[in-house]
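> give me coordinates for this.
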Amino acid sequence: MHRRITVLVLLAAVVVSACSTDVAVAPRQAPKSLSLAISTDGSGNYVVLMKGNANVSQFAERVASLGGTVTYVHAATGFATVSGLSDAAAAQLSASGLGQVQQDVEVALPTQLAAAEAEVSDTRDPSVNSQANPTTASRYAWQWNMRLIKADAAWAAEPAILGDPGVTVAILDTGIDYDAPDLSGLVDLSRSASFMNVYVRPSTEAPTNPPKLSDDLVTSRHFPTRHPISDYHGHGTNVATQVSSKAAALAGVTSRTTLIGVKVLGSNGSGSLGSVLGGVLWAADHGADVANMSLGGGFPKSGNGQTVSIINRVFNYAKQQGMLIVVSAGNSGIDLQHNGNQYSSYCDAPHVVCVSSVGLTTWIGSGDATAYYTNFGRNSASVAAPGGNQLLNAAQTAALVTPGWPWAISPTNPLGNDVASWVWSFCSKTRIGSWTIPALVVPPAPQPPAVPNLTICSLGNRLTGFIGTSQAAPHVAGLAALLVAKHGHGQPQTIKHMIEQSGDGIDPALGRSRINVKNALGL
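So this is what the prediction gives:
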């Protein structure tokens, strides 16, 4: 069975549900996923770090003899994932001396705050976009986050600094709504992949009969013209938009950077350590200069040395391949620097940029207010970036108003009486809001499968707002992409240092600085 690790990500869960069908898309052949699509609660899954002299074929034969299957293997690092093993068989595999065998662990995005939604009916035709001037995006007025980090200074430079299509950022998340107006044409589907061939059911989710479908099965059965990275959750689409966007409705830090989707979390926001680490290796091997991981978790260090060594091996390989990894610090409000025996994944992994969160608490105040949920830690958090915050009520806001206040943005909340300073994106058209579980039938008649139901977002004209360190991290990934375009590929530690040293002063507990795009680019 999977042990459950709660991902420290504040996921804004959209509460609207509907029973829409998939929107029309141009017919295309969906690329094959990495392995056969199956649905299971994830029992019998293990991650393995093979010894340096282990033979991959010999290893696969040994796993098969024990009743298991090698679902993924990366020869260069010796990392593999295995399914179908009993506990006794896993113990035999470990005793065989072929490598370290560790039970896979489930990770999940907790639902902590309802998201905002808005309709956008005046977005330009996707063929007429604002890539050359992202400030003309139809909802740019809502983007306090881009103004805070001075991304607009890069767009206004001569010549404009908009990102380079030759630079790639991998989004390790729930997938990407790759043909949304802001993202259409920016996602390289030929290098994108889904690792969600298994439906991982968290312990907080009641089992169903029949079980819900893995994302790969949802694609093959219900949306066969869609690429396997289609986002059935919504989180990954929001994250991707902050990195690179054509700015039909909302700007990203860049507007021309290439994205690749690496789906490591499913429609319910759950995945496994094995899928995440496999996704890191996929991104590193497919030309990603930067990987954004707005996910994480934690586990006790004691008794989990093998898990730590597996994570370290994978992240060290990514650095050797020249890929910078940007991770979210998490949303539990804890001090990572004084976290006792806890391993914080992935801020404790080597070579990463760990991002804490700041945000507006009033529409007339500073965007650098510490986010109420953010994890922090001097020497643990690298930098801070805008992830959103809880807004004060009208009376609290009025108490802060003083004559001559140097308002950096409009004192009027563009959405009226709201509760948070959201970070916006299009809502994924294929977001699953509910499942229809058919009534059980009497054997031997076949049991009809569970059926996913889409939300109103399937109309393609809905925006959604999230808050969390999940949203902070991709701002940093976008800045990293601009720096790679300026200074060249294959220098992850140099780029990390530039990001940390060029930002604005911030509470040291949140990192070395709050990122500043203008300063980082020397404008």
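> what about the residue nearest the centre of the chain, distance to L483?
Of all residues in the chain, the one closest to the mean position by C-alpha atoms, centre = their mean is D173, 3.5 Å from it. Applying C-beta to C-beta, to the nearest Å, the value for D173 to L483 is 22 Å. For the C-beta atoms, the positions are set from N, CA and C on the backbone; glycine is no exception.
> likewise for G44?
43 Å.
> neighbour count winner among those two?
Using other C-beta atoms under 10 Å as the criterion, G44 and L483 rank with L483 on top: 24 against 21.
> so that one sits against H497, correct?
No - counting by C-beta atoms under 8 Å, H497 is not a contact partner of L483; they are 10.1 Å apart.
> give me the common contacts of those two.
Shared contacts of L483 and H497 (C-beta atoms under 8 Å, 6 or more residues apart in numbering): none.
> quick one, helices of the stretch 401-523 of the chain?
Assigned by DSSP state H, counting those that start in this stretch, the helices in the stretch 401-523 of the chain fall at 469-487, 492-501, 517-520.
> which strands and helices lie in contact with the shortest one?
Packed against helix 517-520, as judged by 3 or more C-beta pairs under 8 Å, 6 or more residues apart in numbering; DSSP states H and E, are the following elements: helix 151-155, helix 469-487.
> so which of these comes closest to L281?
Nearest to L281, of all the helices and strands packed on helix 517-520, is helix 469-487, at 18.1 Å by C-beta to C-beta.
> quick one, which of the helices and strands packed on helix 517-520 is packed in tightest?
Greatest average neighbour count among the helices and strands packed on helix 517-520 goes to helix 469-487 (a mean of 28), per mean count of other C-beta atoms under 10 Å.
> tilt between that one and helix 492-501?
Angle of helix 469-487 versus helix 492-501, following axes from the mean of the first three to the mean of the last three C-alpha atoms, to 10 degrees, is 110 degrees.
> and A80, what does it touch?
Contacts of A80 (C-beta under 8 Å, 6+ apart): 47-48, 50, 59, 70, 72-74, 99.
> quickly list what it is bridged to.
Note on A80: beta-bridge partners by DSSP bridges are V48, V73.
> next one: it from T254, what distance?
Taken as C-beta to C-beta, the span from A80 to T254 is 35 Å.
> do the same with L49
For L49, the distance to T254 equals 35 Å [C-beta to C-beta].
> which one's more surrounded, the two?
Ranked by neighbour count (other C-beta under 10 Å), L49 and T254 place T254 first, with 32 against 23.
> confidence score at the closest residue to the more buried one other than its chain neighbours?
Spatial nearest neighbour of T254, chain neighbours left out: G163 (3.0 Å); criterion: C-beta to C-beta, 6 or more residues apart in numbering. G163 is assigned 98 on the pLDDT scale.
> what of L259?
98.
> if you drop the residues flanking it in sequence, what lies closest to it?
The shortest distance from L259 to any non-neighbouring residue, by C-beta to C-beta, 6+ apart, is to V187 (4.8 Å).
> where in the stretch 51-200 of the chain is pLDDT low?
Residues of the stretch 51-200 of the chain that meet the criterion pLDDT under 70 lie in 53, 108-114, 122-129.
> that one: helices as residue ranges?
Under DSSP H, counting those that start in this stretch, the stretch 51-200 of the chain gives helices at 56-65, 87-95, 144-148, 151-155.
> dump those to a markdown table, plus distance to E205.
A markdown table is the format used below for the helices of the stretch 51-200 of the chain (distance: least, C-beta to C-beta, whole Å):
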| stretch | distance to E205 |
| --- | --- |
| helix 56-65 | 29 |
| helix 87-95 | 23 |
| helix 144-148 | 32 |
| helix 151-155 | 38 |
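> ok, which of the ones you listed comes nearest G433?
Among the helices of the stretch 51-200 of the chain, helix 144-148 sits nearest to G433 (C-beta to C-beta), with 26.5 Å.
> my read: the residue nearest to the centre of the chain touches A240, true?
Yes - using C-beta under 8 Å, D173 makes contact with A240 at a distance of 7.5 Å.
> okay, and the common contacts of the two?
The contact lists of D173 and A240 share G261, where a contact means C-beta under 8 Å, 6+ apart.
> what about S357, helix or strand, and which?
Element membership for S357 (DSSP states H and E) is strand 352-358.
> mind listing what's buried in that strand?
Within strand 352-358, the residues scored as buried using 16 or more other C-beta atoms under 10 Å are 352-358.
> show me the contacts for the residue lying closest to A520 once chain neighbours are set aside.
Nearest residue to A520, sequence neighbours excluded (C-beta to C-beta, 6+ apart): S502, at 4.0 Å. By C-beta under 8 Å, 6+ apart, the contact list for S502 reads 513, 515-516, 519-520.
> residues contacting the residue lying closest to A369 once chain neighbours are set aside?
Using C-beta to C-beta, 6+ apart and skipping residues adjacent in sequence, the residue nearest A369 is T361, 4.6 Å away. T361 is in contact with 369, 389-392, 421, counting by C-beta under 8 Å, 6+ apart.
> what helix or strand does T361 sit in?
Short version, using DSSP H and E: T361 is in no helix or strand.
> from P386, how far off is it?
Using C-beta to C-beta, T361 is found at 12 Å from P386.
> from memory P386 sits against R147, does it?
No - using C-beta under 8 Å, P386 is not in contact with R147, being 9.3 Å away.
> which of these two has more residues huddled nearby?
The neighbour comparison of P386 against R147 (other C-beta under 10 Å) goes to P386, with 28 against 18.
> pLDDT value on that one, please?
pLDDT, P386: 98.
> contacting residues around it?
Contacts of P386 (C-beta under 8 Å, 6+ apart): 144-145, 148-149, 357-359, 367, 423, 471-472, 475.
> now with 6 Å?
Listed by C-beta atoms under 6 Å, 6 or more residues apart in numbering, the contact set of P386 reads 145, 148, 359.
> tell me the bridge partners for it.
Bridge pairing for P386 - DSSP bridges - gives V358.
> what about it, distance to G333?
Distance from P386 to G333, by C-beta to C-beta: 18 Å.
> nearest to T307 among the helices of the stretch 51-200 of the chain would be which one?
Using C-beta to C-beta, the nearest of the helices of the stretch 51-200 of the chain to T307 is helix 87-95, at 13.5 Å.
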